[in-house]
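In: Structure for the following, please:
(4 chains)
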Protein chains: 2
Amino acid sequence: MSRRTRSDKSVQGIPEATIARLPLYLRALYALADRDTVSVSSEELAAAAGVNSAKLRKDLSHLGSYGTRGVGYDVDYLIYQVSRELGLTQDWPVIIIGAGNLGRALANYGGFATRGFRVAAMIDSDPQVIGTAIAGHRVFGADEIERVVARYGVMIGAITVPAVAAQGICDRLVAAGVTSILNFAPVVLTVPEGVDVRKVDLSIELQILAFHAQRRSAVKAPVQHENGSVKSLGPAAIINGLPLELGSLASEGASADNSGGTVRP
Amino acid sequence: MSRRTRSDKSVQGIPEATIARLPLYLRALYALADRDTVSVSSEELAAAAGVNSAKLRKDLSHLGSYGTRGVGYDVDYLIYQVSRELGLTQDWPVIIIGAGNLGRALANYGGFATRGFRVAAMIDSDPQVIGTAIAGHRVFGADEIERVVARYGVMIGAITVPAVAAQGICDRLVAAGVTSILNFAPVVLTVPEGVDVRKVDLSIELQILAFHAQRRSAVKAPVQHENGSVKSLGPAAIINGLPLELGSLASEGASADNSGGTVRP
DNA sequence: ACGACTTTGTGCAAACGTTCACAAGGGCGT
DNA sequence: ACGCCCTTGTGAACGTTTGCACAAAGTCGT
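Out: Numbers count the residues shown, from 1 in each chain, chains lettered A, B, ... in the order given. This is a model prediction of the structure:
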């Protein structure tokens, strides 16, 4: 039954939500493999990945029947299957546009090159940076984008440039043949059909956190005595009823205005 | 009628999916305000934020009735309402743990301090870095975490340390009273109930892109002639029928087997 | 003052995602 | 060889999210 049924379920139909979790499972599997674990149950793997075991089983079932009832999953075999499904059995050359802090962080990111990805080149517009090497990768000028993409068959581009420059860079990448873009700039990129854009947006995540934090403190001390886990908290934690209006930071004129000059409440 | 109906719908029930989009709308609104746009329709705003207009209207309706039928939404007023809902009308001091490239990127991130957030302090373990200033923020040693959190009433922490150190830092933050954590380390953090963790994971995003890229090239030239938007592509784009098996990268027998030695079909 | 026009806000149904709960199936001890 | 025990894989129930389509409600021109 488990033959490479290229038609059964994998035809075209793996849910987005499942795909988004596969990398998580993969990471947990690698961690297990590092500890020489040979086999793992859905319960254990789910715990390691931070999800519910039923969900994990259903997710994996979309790839095929790679487990053994009564036993669990063979770690190495599952790593292979998940990797293959994600397309990580081949190497993806990636071009990073923008050699600022974010671009450097990306280039240095260990788990990056780990499996499946490799930095083909970095691009920057600063003459001072062009020609230097970052994390072992040569930095080219923006005019080299097309050449680098063609030369290395780059299909994935990471944009870590300021917001105003992002759309322009995106257009050039797409024109050069890049069909997958990872966008770190805080703008909505417009791309032609067939191009895939994912965004990583720090401020959005912060804002979501702020919402929940506000919600939490607004409910005003619902006195969370309920699970003894509280003991794991240090003494300082209890003073948090957060009486402080965070006015203390003071000294800095910084906060209020900063270059951007956009505001208007 | 649009009074702060603290009871109507906002009682407690704004869907997660909606909350995740509010920051997007907020950004689009600020962009409009910068161009001195006074009023905007759901259609326009939705386009600017890259979503469907029905969705946008439904999302906004969760906050209250802040639009005017036949006209649209007042930009400034909506900015205020969305900001208030997200809790951005107050300043959130954030502590950044890890002054590596990612931590620096975060500290320098313009849109960061923009509205609602301020870097209370940065923390690092490298003696060479401690005591210096990054983007105007003093870097403290790890032993100062508790003091900084208590002093500034920090409720949000951003973890940008290596994976192995992340859980330890997380525990200390939680013990110190931090209840919202933005985790950049590629690990699943375990926290007590009541603490909110969001993760930003570069490699997961890349892997999702790889999946779609693979899918795209696997379908082998389904000849996407269909929308004239192709003309927006440069010449190089057309050579993309992707004849390249990215074999140029060559050496590797690629497709069939790869190092992983894991296999066993 | 009124009617034509525009755009919001929402009921409803379909699509999608999650969770439960259990039958199917495989290993292991006797 | 057999039956018990364990864990997978999945049908079905439930919850959430999306998108349509339209009534409600406002503006603007005449």
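In: can we go C-alpha only for contacts and neighbour counts from here?
Out: OK.
In: what about the closest residue to DNA strand D within the stretch 101-250 of chain A, helix or strand, and which?
Out: Closest residue of the stretch 101-250 of chain A to DNA strand D, CA to the nearest atom of the strand: A:Ile208 (13.3 Å). Assigned by DSSP states H and E, A:Ile208 belongs to helix A:202-218.
In: ok so, going back, measure the residue of the stretch 101-250 of chain A closest to DNA strand D to B:Arg151 for me?
Out: Applying CA to CA, to the nearest Å, the value for A:Ile208 to B:Arg151 is 24 Å.
In: try A:Arg69
Out: 54 Å.
In: who's more crowded, those two?
Out: Ranked by neighbour count (other CA atoms under 10 Å in any protein chain shown), A:Arg69 and B:Arg151 place B:Arg151 first, with 14 against 9.
In: Off-centre distance for stretch A:62-78?
Out: 26 Å (CA atoms, centre = their mean, to the nearest Å).
In: I'd say A:Leu88 and B:Ala210 touch.
Out: Yes - under the criterion of CA atoms under 8 Å, A:Leu88 makes contact with B:Ala210 at 7.3 Å.
In: So those two - more neighbours on which side?
Out: Shown here are A:Leu88 and B:Ala210; by other CA under 10 Å, B:Ala210 has more neighbours (24 against 19).
In: residues contacting the more buried one?
Out: The neighbours of B:Ala210, taking CA atoms under 8 Å, 6 or more residues apart in numbering or on different chains as the test, are A:Leu86, A:Gly87, A:Leu88, A:Trp92, A:Ile156, A:Ser180.
In: Give me every residue in chain A lying close to DNA strand C.
Out: Contacts of chain A with DNA strand C, taken as CA under 7 Å from any atom of the strand, map to A:15-18, A:51-52, A:54-55, A:58, A:68-71.
In: The residues you listed in strands, which ones?
Out: Among the residues of chain A next to DNA strand C, DSSP state E puts A:Thr68 in strands.
In: got the contact list for A:Gly116?
Out: By CA under 8 Å, 6+ apart, A:Gly116 lies in contact with A:Gly87, A:Leu88, A:Thr89, A:Gln90, A:Asp91, A:Trp92.
In: And it, how far from DNA strand C?
Out: Here the criterion is CA to the nearest atom of the strand, to the nearest Å. By it, A:Gly116 lies 25 Å from DNA strand C.
In: Look up phi and psi at that residue.
Out: phi 100, psi -20 (degrees, to the nearest 10).
In: Over to A:Asn183?
Out: Residue torsions, per degrees, to the nearest 10, at A:Asn183 are phi -100, psi 120.
In: doesn't A:Asp196 make contact with it?
Out: No - using CA under 8 Å, A:Asn183 is not in contact with A:Asp196; the gap is 10.4 Å.
In: which one of these two has more residues nearby?
Out: Taking other CA under 10 Å, A:Asn183 and A:Asp196 do not tie; A:Asn183 has more neighbours (24 against 17).
In: Quick check: bridge partners of the more buried one?
Out: Going by DSSP bridges, A:Asn183 is paired in beta bridges with A:Ile159, A:Lys199.
In: Please name the residues that touch it.
Out: Applying CA under 8 Å, 6+ apart, the residues near A:Asn183 are A:Ala158, A:Ile159, A:Thr160, A:Val197, A:Arg198, A:Lys199, A:Val200.
In: let's see it at 10 Å
Out: Residues near A:Asn183 by CA atoms under 10 Å, 6 or more residues apart in numbering or on different chains: A:97, A:157-161, A:163, A:166-167, A:170, A:189, A:197-201.
In: Name the residues of stretch A:118-125 that are buried.
Out: Using 16 or more other CA atoms under 10 Å in any protein chain shown as the test for burial, stretch A:118-125 gives A:Val119, A:Ala120, A:Ala121, A:Met122, A:Ile123, A:Asp124, A:Ser125.
In: can you dump the C-alpha coordinates of that stretch into PDB?
Out: Output in PDB follows, covering the C-alpha atoms of stretch A:118-125 (Å, rounded to 0.1, in the frame of the first residue of the first chain):
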ATOM      1  CA  ARG A 118      23.100  27.500   0.100                       C
ATOM      2  CA  VAL A 119      23.900  31.200  -0.400                       C
ATOM      3  CA  ALA A 120      24.700  31.800  -4.000                       C
ATOM      4  CA  ALA A 121      25.600  35.400  -3.500                       C
ATOM      5  CA  MET A 122      24.800  38.500  -1.500                       C
ATOM      6  CA  ILE A 123      23.900  41.800  -3.100                       C
ATOM      7  CA  ASP A 124      24.200  45.300  -1.700                       C
ATOM      8  CA  SER A 125      24.300  48.800  -3.100                       C
END
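In: pLDDT (mean, whole number) over it?
Out: Averaged across stretch A:118-125, pLDDT comes to 96.
In: now the stretch 101-250 of chain A, which segments are flagged as low pLDDT?
Out: The model of the stretch 101-250 of chain A has pLDDT under 70 over residues A:111-114, A:219-250.
In: and A:Asp106, that's in a helix?
Out: One thing to correct before we go on: residue A:106 is Leu, not Asp. Yes - when DSSP: H, G, I helix; E, B strand; the rest coil is applied, A:Leu106 is found to be in a helix.
In: and it, how many neighbours does it have?
Out: Counted with other CA under 10 Å, A:Leu106 comes out at 23.
In: Can you get me the start-to-end distance on stretch A:185-195?
Out: Stretch A:185-195 end-to-end distance (CA to CA) = 17 Å.
In: Where does A:Gly148 fall, secondary structure wise?
Out: Small correction: residue A:148 is Val, not Gly. With DSSP H and E as the criterion, A:Val148 is inside helix A:145-152.
In: Can you name every helix or strand that that helix contacts?
Out: When contacts are defined as 3 or more CA pairs under 10 Å, 6 or more residues apart in numbering or on different chains; DSSP states H and E, helix A:145-152 packs onto strand A:92-97, strand A:117-123, helix A:163-176, helix B:235-238.
In: Can you name the residue of chain A nearest to DNA strand C?
Out: Going by CA to the nearest atom of the strand, DNA strand C is nearest to A:Gly70 of chain A, at 3.8 Å.
In: And for that residue, the neighbour number?
Out: 7.
In: Surely it and A:Ser41 touch.
Out: Yes - assessed by CA atoms under 10 Å, A:Gly70 is found in contact with A:Ser41 at 8.9 Å.
In: quick one, longest helix in chain A?
Out: Taking DSSP state H as the criterion, chain A has its longest helix at helix A:16-34.
In: when you compare where it runs with where helix B:202-218 runs, what's the angle?
Out: For helix A:16-34 against helix B:202-218, the angle by axes from the mean of the first three to the mean of the last three CA atoms, to 10 degrees is 120 degrees.
In: Check whether the helix or strand following helix A:16-34 comes near chain B.
Out: Next helix or strand after helix A:16-34 toward the C-terminus (DSSP H and E): strand A:39-40. No - no part of strand A:39-40 sits near chain B under the criterion CA under 10 Å from any CA of the partner chain; the closest distance found is 13.5 Å.
In: next one: strand A:39-40 to chain centre, how far?
Out: Chain-centre distance of strand A:39-40: 26 Å, with CA atoms, centre = their mean.
In: Can you spell out which helices and strands pack onto that strand?
Out: helix A:16-34, strand A:67-68, strand A:72-74, helix A:75-86.
In: so which of the ones you listed comes closest to B:Leu29?
Out: helix A:16-34 (29.0 Å; CA to CA).
In: mind exporting the closest one as PDB, just the C-alpha atoms?
Out: The C-alpha trace of helix A:16-34 is given here as PDB (Å, rounded to 0.1, in the frame of the first residue of the first chain):
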ATOM      1  CA  GLU A  16      -0.900  24.500   3.400                       C
ATOM      2  CA  ALA A  17      -1.200  24.100   7.100                       C
ATOM      3  CA  THR A  18       0.400  20.700   7.000                       C
ATOM      4  CA  ILE A  19       3.300  22.000   4.800                       C
ATOM      5  CA  ALA A  20       3.900  24.800   7.300                       C
ATOM      6  CA  ARG A  21       4.400  22.200  10.000                       C
ATOM      7  CA  LEU A  22       6.600  19.800   8.100                       C
ATOM      8  CA  PRO A  23       9.800  21.800   8.800                       C
ATOM      9  CA  LEU A  24       8.900  21.700  12.400                       C
ATOM     10  CA  TYR A  25       8.700  18.000  12.400                       C
ATOM     11  CA  LEU A  26      11.900  17.800  10.400                       C
ATOM     12  CA  ARG A  27      13.800  19.800  13.000                       C
ATOM     13  CA  ALA A  28      12.500  17.600  15.800                       C
ATOM     14  CA  LEU A  29      13.400  14.500  13.800                       C
ATOM     15  CA  TYR A  30      17.000  15.800  13.300                       C
ATOM     16  CA  ALA A  31      17.300  16.400  17.000                       C
ATOM     17  CA  LEU A  32      16.200  12.900  17.700                       C
ATOM     18  CA  ALA A  33      18.600  11.500  15.100                       C
ATOM     19  CA  ASP A  34      21.400  13.400  16.800                       C
END
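In: I am finished for the moment; much appreciated.
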